[in-house]
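A.B. asks: Here you go, sequence then predicted model.
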Amino acid sequence: MGALLDVSGLNKVYEGSGRRVEAVRDLTFGIEAGELVCLVGPSGCGKTTLLKCVGGLLAPTAGQVTLAGRPVSGPPPGMAFVFQEYGRSLFPWMRVGDNVELPLKQKGLSKDRRHELVADALRSVGLADASGAYPWQLSGGMQQRVAIARALAYEPEVLLMDEPFAAVDAQTRADLEDLVRGLWRERGITILFVTHDIDEAVYLGQRVLVLSASPTVVREQLTIDLPDERDQLHTRVAPRFAELRTHVYEQIQAAKRGTPVPGPTDSVEDRAVDKK
Amino acid sequence: MRGTNAVLGATGLAVFLALGEAVPRLGLVKEAYFPPVARIAGALGDELSDDTFWTALGDTLTGWALGLAVAVSAGIVVGVLVSVVPYLREATASTIEFLRPIPSVALIPLAVLLYGSELRSVLLLVIYASFWQVLVQVLYGIQDLDPVADETARSYGLGSWARIRYVLWPTALPYVMTGVRLAAAVALILTVTAELVIGAPGLGARIAIAQNSQAVPEMYALIVVTGLLGLVINVGARTVERRALAWHQSVRGEVAV
Amino acid sequence: MTRFLLRLVFLLALPLVLLGLWWLASDDSTNPFWPPLRTILTTFPDVWTAERLRADVLPSILRLSAGYAVAAVVGVAVGTVIGSYRRVRALCEPVLEFLRAIPPPVLIPVIMLFAGIDDTMKITVIASGCVWPILLNTVEGVRAVDPVMAETARSYGITGAARLRNVVLRSASPQIFAGLRQALSIAIILMVISEMFAASNGLGFTIVQFQRGFAIPDMWTGILVLGLLGFVLSVVFQLVERRVLGWYHGLRASARRSP
């Protein structure tokens, strides 16, 4: 079955000033249309490098990324990025509405269509009234919502999110997590979500890919068999949640210690957790 | 990386000089207006072996250094005074804002009347222009003082003088250095300008003489000398700034020029 | 209301005091170089008639604007090219550092060789002097575009002219404006000097004529006019900057409030 986003044998080596650093060794996985997949791993394991290669912002040294059958060689119009540093990603000289609209102008859409998309996107992140404000007039959480709205309005096939909530406070983070899940369920977009927060990965994802330490490979693929209706209060105290997060935590600790990857990893092999 | 940059830079310079040689020789501009680089270099050599050139250079440097020293001292003293004495800052703000943009060249006729073509007319212009550069920077610097640091010092019993020395001065120092750097550049410009326009002794006057006697290669040679002088002053000021502020890691966004 | 009055007092107090001191100190002056302030002020309207304003002040302002405009266009255009390509910058850097270190008035004799003594000469002098701060600041501004912002633009396919217009130049505009402000003071200086050197009309020319003819009070009025011009241009510049860079001031203010 053809996955929407297919990553095979991704390898990225940084060469510079006499040193050769293999950030990503061999990454192979696939994402079906409409899935919400979380990537989690120890710090410094090249999560951002991986995401940028998938998104076409970095050229891989080897391996290939395919989006709906087409190889990715530069940022494709089918992908949208949400960066961690929202303050530096939104353009401070434009108002919120203009920020969301700018990428649409590149797509060559008509004015009416653009306004429609912008209004719709801002409404779905709960910022329908903020269109005339400047980004720096808004709080951190609201700015990240604007970034998400900008990505939504772009109507991408895949949404790539690079630790988007690492720089906001815990309560805002909880709201934003629910926002992402809500948007995902409503619109059925495909999301690849990178995070270092294990709880967040398990709470959000349908599937969690645990990465090893650098040089990075996929250590394990985990299906999150929690119910689809999740909320911050109940899901996080569910026993199954605790089991899953403990397992992921152990995997990451093992990854940091450098213990070998358990068993072969196959791109479409989903393994349900059965221990403990 | 640094190596390639240096090589590229040297290449750029070489191309520039080559153009300077080729363009007049090919007749693209009249040789009378723009002599080939080789001829300018020759004239430069002649200048360097001429005693009067060195006297002129000395005069320019004297005017520059003296004017700069007075401007910097006055700027720091007035800046500190205005900032420390209560209400003086608000009272002087409008005056400073009005006097600052007045071009110092407006005073040239006055300088000529008062001092003719002596060193003092040069100093009048240089000090007036450089003073504002230093003053404005000192005011910014003192304004940037962290009140928490000051309170802490006061709570440890440091008197006014000690606070100025240990808290105020280090905060203001980066700004003062910026002010000195800007003032040094402005001082050179005004020194040479005063010499050029008024005829006070120095490189500027020498250029005027070369112009009057149609000695075009000599004119260019002297311009090169002033450019090199300016370059040395810029680079020197930046080096001093870097050394003196080696402990100060933050970069206060100052303009490139 | 009291706060407004207090601000007004601070605004006017020292200037009025200084003016008063000047008036009193010079009132019975017999020194030819320091005529009484009263004389200067009464001479003012006699010297600066509408006729003279049109014949002398207007040409000066026009030359200034032309030179400044040329420098702005060239400085931003060339600066953008140099700032965008690392190699180009490395290539040009030593030459630019040298050229910009030359005190601009020193080039007047050279420019006079090429351009004679008419308006072209003056505009060239002004432009050649004030292009440097604009060019160098544009290079810095273009170079220092935030990498996250650049990647965002790239990820959304914003490239080429659209990127230049919407991202690079806007991001560099605070730095460019700093250069434009420096260039303004240099432009005024060069306008005056080029007119003192070789002209048949203009502010600089007029003031020098007064000085040579020992019309001292008239000369002083000329100095006052120059001062006023500098002040007015500075205010106009600040107004324009506040409009164009409103977003930047807002951004900095909010950053200061919540670091």
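C.D. replies: Nice, thanks for sending it over. Numbering: from 1, shown residues only, chains lettered A, B, ... in the order given.
A.B. asks: which ones are touching A:A174?
C.D. replies: A:Q232 (Cβ atoms under 8 Å, 6 or more residues apart in numbering or on different chains). (Glycine included, C-beta is placed from N, CA and C.)
A.B. asks: Which of the helices or strands spans it?
C.D. replies: helix A:170-187 (DSSP states H and E).
A.B. asks: Mind listing what's buried along that helix?
C.D. replies: A:T172, A:R173, A:A174, A:L176, A:E177, A:L179, A:V180, A:R181, A:L183, A:W184 (16 or more other Cβ atoms under 10 Å in any protein chain shown).
A.B. asks: So is the next helix or strand after that helix next to chain C?
C.D. replies: Next along the chain after helix A:170-187, taking DSSP H and E as the criterion, comes strand A:190-195. No: with Cβ under 8 Å from any Cβ of the partner chain as the criterion, chain C is not reached by strand A:190-195; the gap is at least 13.6 Å.
A.B. asks: hang on, B:I102 packs against C:L224?
C.D. replies: No: using Cβ atoms under 8 Å, B:I102 is not in contact with C:L224; the gap is 9.4 Å.
A.B. asks: circling back to that earlier point, nearest to chain C, of the buried residues of helix A:170-187?
C.D. replies: Relative to chain C, the closest of the buried residues of helix A:170-187 is A:T172; by Cβ to the nearest Cβ it sits at 14.1 Å.
A.B. asks: just checking, that closest one touches A:R145?
C.D. replies: No: in this structure A:T172 lies outside contact range of A:R145 using Cβ under 8 Å: 9.6 Å.
A.B. asks: ok, so what distance separates the residue in chain A that chain B sits nearest to from B:R2?
C.D. replies: Of all residues in chain A, A:S17 sits closest to chain B, at 8.1 Å by Cβ to the nearest Cβ. Distance, A:S17 to B:R2, using Cβ to Cβ, to the nearest Å: 11 Å.
A.B. asks: just C:A144 next, same as before
C.D. replies: C:A144 is 19 Å from B:R2, by Cβ to Cβ.
A.B. asks: These two: which has the busier surroundings?
C.D. replies: The residue with more neighbours, out of C:A144 and B:R2 and counting by other Cβ atoms under 10 Å in any protein chain shown, is C:A144; that gives 13 against 7.
A.B. asks: Count the residues that sit near residue 112.
C.D. replies: With no chain named, the answer covers chain A. Close neighbours of A:D112, defined as other Cβ under 10 Å, add up to 8.
A.B. asks: hmm, I had chain C in mind actually
C.D. replies: Counted with other Cβ under 10 Å, residues neighbouring C:M112 total 18.
A.B. asks: One more: the one 10 residues further on?
C.D. replies: Applying the criterion other Cβ under 10 Å, we find 29 residues in the vicinity of C:K122.
A.B. asks: Assess the claim that it and C:G67 are in contact.
C.D. replies: Yes: at 7.2 Å, C:K122 counts as touching C:G67 under the criterion of Cβ under 8 Å.
A.B. asks: Mind listing the shared neighbours of those two?
C.D. replies: Joint contacts of C:K122 and C:G67 (Cβ under 8 Å, 6+ apart) are C:M191.
A.B. asks: picking that back up, quick check, nearest of the buried residues of helix A:170-187 to A:E32?
C.D. replies: A:W184 (13.3 Å; Cβ to Cβ).
A.B. asks: so the closest one makes contact with A:L36?
C.D. replies: Yes: counting by Cβ under 8 Å, A:L36 is a contact partner of A:W184 at 5.1 Å.
A.B. asks: Overlap in contacts, the two.
C.D. replies: A:I191.
A.B. asks: In terms of helices and strands, where is B:P170?
C.D. replies: helix B:169-198.
A.B. asks: Buried residues, that helix. List them.
C.D. replies: B:171-198.
A.B. asks: so what's the residue nearest the centre of chain B up against?
C.D. replies: Centroid-nearest residue in chain B, with Cα atoms, centre = their mean: B:A185, separated by 1.5 Å. Residues in contact with B:A185 (Cβ under 8 Å, 6+ apart) are B:G230, B:I233, B:N234, B:A237, B:V257.
A.B. asks: related to what we said a few turns ago, neighbour count winner among B:I102 and C:L224?
C.D. replies: More neighbours surround B:I102 than the other of B:I102 and C:L224, with 23 against 16 (other Cβ under 10 Å).
A.B. asks: what's the spacing between C:A172 and C:T138?
C.D. replies: Distance, C:A172 to C:T138, using Cβ to Cβ: 6 Å.
A.B. asks: With B:G45 instead?
C.D. replies: From B:G45 to C:T138 the distance is 37 Å (Cβ to Cβ).
A.B. asks: Can you pick out the residue with more neighbours from those two?
C.D. replies: C:T138 (28 against 11).
A.B. asks: now the helix or strand hosting that one: mean pLDDT?
C.D. replies: Here C:T138 sits within helix C:119-143, counting by DSSP H and E. Across helix C:119-143, the average pLDDT comes to 92.
A.B. asks: can you state the direction angle for it and helix B:169-198?
C.D. replies: Put simply, helix C:119-143 runs at 160 degrees to helix B:169-198, going by axes from the mean of the first three to the mean of the last three Cα atoms, to 10 degrees.
A.B. asks: so which strand or helix has C:L180?
C.D. replies: Following DSSP H and E, one finds C:L180 within helix C:169-197.
A.B. asks: Are that helix and chain A in contact anywhere?
C.D. replies: Yes: shown here: helix C:169-197 in contact with chain A (Cβ under 8 Å from any Cβ) through C:R170, C:S171, C:S173.
A.B. asks: tell me the mean pLDDT for stretch B:184-202?
C.D. replies: On average, stretch B:184-202 scores 91.
A.B. asks: centroid residue for the chain?
C.D. replies: Picked chain A for this. A:F193 (2.1 Å).
A.B. asks: try chain C instead
C.D. replies: C:L184 (1.2 Å).
A.B. asks: Which residues are in contact with that residue?
C.D. replies: Residues counted as contacts of C:L184 (Cβ under 8 Å, 6+ apart) are C:Y68, C:C130, C:L233, C:S234, C:F237.
A.B. asks: Recalculate using a threshold of 10 Å.
C.D. replies: By Cβ atoms under 10 Å, 6 or more residues apart in numbering or on different chains, the contact set of C:L184 is B:P101, C:L64, C:Y68, C:A72, C:C130, C:P133, C:I134, C:G230, C:L233, C:S234, C:V236, C:F237.
A.B. asks: Nearest to A:Q221 among those?
C.D. replies: C:I134 (56.4 Å).
A.B. asks: Run a quick check on that closest one versus C:G179, I expect a contact.
C.D. replies: Yes: judged on Cβ atoms under 10 Å, C:I134 makes contact with C:G179 at a distance of 4.4 Å.
A.B. asks: Overlap of the contact sets of those two?
C.D. replies: Overlap of the contact sets of C:I134 and C:G179 (by Cβ under 10 Å, 6+ apart) consists of B:V257, C:A71, C:A72, C:G75, C:V76, C:G79.
A.B. asks: hang on, the earlier thing: hey, what's in contact with both of B:I102 and C:L224?
C.D. replies: Counting by Cβ under 10 Å, 6+ apart, nothing touches both B:I102 and C:L224.
A.B. asks: Below-threshold pLDDT in the chain: ranges please.
C.D. replies: If you meant another chain, say so; for now it's chain A. A:1-2, A:260-276 (pLDDT under 70).
A.B. asks: ah, I was thinking of chain B
C.D. replies: Those would be B:1, B:247-257, if you go by pLDDT under 70 across chain B.
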